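J.: Please work out how this folds:
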Amino acid sequence: MDKSILDMVHDSAKDLHAAGAMKETTLREFDALCRSQIIGANMNRERLYEEIKSDEGEILEIYKDHLGYDTIGIGHLVTAEDEEFGKPAGTPITAKRSRELFDRDIECAIKDCERLYGQWHNWPEEVQLIMVNMAFNLGATRLEKFRQMRFHLSQHNWKQAAAEGRDSRWYKQVTNRAERLMTRLENVSNGNN
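T.: The predicted model follows:
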């Protein structure tokens, strides 16, 4: 079966509307709710996990990042909500715990992209993967500053969006990662929805 459960439910709602059993406004509301769930559900999360793990590395103990903050797993900043908060550097964690934290952080990155880009579920999956990777790396506050890139993304002008990504401090800071992502972005064709 190629379709997810959410895709099938969404198709059923469209059928109800077509049969006259659901109002247009209800369908639109349902569509907005369902699409926000489908975006993350259809994205190849295992690919995303492998890519970000390769970019960030995975350290199964508490360590200080380049800014001196306690960090664990795949670039997860330890916060007061984490059971590891206040424990000394070198305190080990399991691979399972690292993956739990990654999954939580990826949900935040996906929600950040949904908020920043609105109708991004219409973009090719490759563009979504690239932007979630950037959101994971930068955080929403810094990604929000890529205004020209966001404009070109909204126009589906992937080549110009990549050029804007290269014209940034982020690009200079993580050049290898950024170049790999921007090369992928500029090579997306609009027919890959």
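
J.: show me the contacts for the residue nearest to the spatial centre of the chain.
T.: What sits nearest the mean C-alpha location of the chain, by Cα atoms, centre = their mean, is Val132, with 2.3 Å. Val132 sits next to Met43, Leu48, Ile106, Ala109, Ile110, Cys113 when contact means Cβ atoms under 8 Å, 6 or more residues apart in numbering. All C-beta atoms are positioned from the backbone trio N, CA, C, and that covers glycine.

J.: quick one: which two of the residues you listed are the most distant?
T.: The most widely separated members of those, counting by Cβ to Cβ, are Leu48 and Cys113 (11.7 Å).

J.: all strands of the chain, in order?
T.: Using DSSP state E, the strands of the chain run over 59-64, 70-73, 76-77.

J.: so of those strands, which one's packed in deepest?
T.: Comparing the strands of the chain by mean neighbour count (mean count of other Cβ atoms under 10 Å), strand 70-73 comes out on top with a mean of 23.

J.: Where in the chain is the helix or strand with the lowest mean pLDDT?
T.: helix 24-42 (a mean of 52; mean pLDDT, DSSP states H and E).

J.: Quick one: residues contacting the residue nearest to Ser98 when sequence neighbours are not counted.
T.: Computed as Cβ to Cβ, 6 or more residues apart in numbering, the closest residue to Ser98 that is not its neighbour in sequence is Gly73, at 3.4 Å. Shown in contact with Gly73 (Cβ under 8 Å, 6+ apart): Glu58, Ile59, Leu60, Ile93, Arg97, Ser98, Arg99, Leu101, Phe102.

J.: Take those and write them to JSON lines, including pLDDT.
T.: Below are those laid out as JSON lines (pLDDT from 0 to 100):
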{"residue": "Glu58", "pLDDT": "97"}
{"residue": "Ile59", "pLDDT": "97"}
{"residue": "Leu60", "pLDDT": "98"}
{"residue": "Ile93", "pLDDT": "98"}
{"residue": "Arg97", "pLDDT": "97"}
{"residue": "Ser98", "pLDDT": "97"}
{"residue": "Arg99", "pLDDT": "96"}
{"residue": "Leu101", "pLDDT": "97"}
{"residue": "Phe102", "pLDDT": "96"}
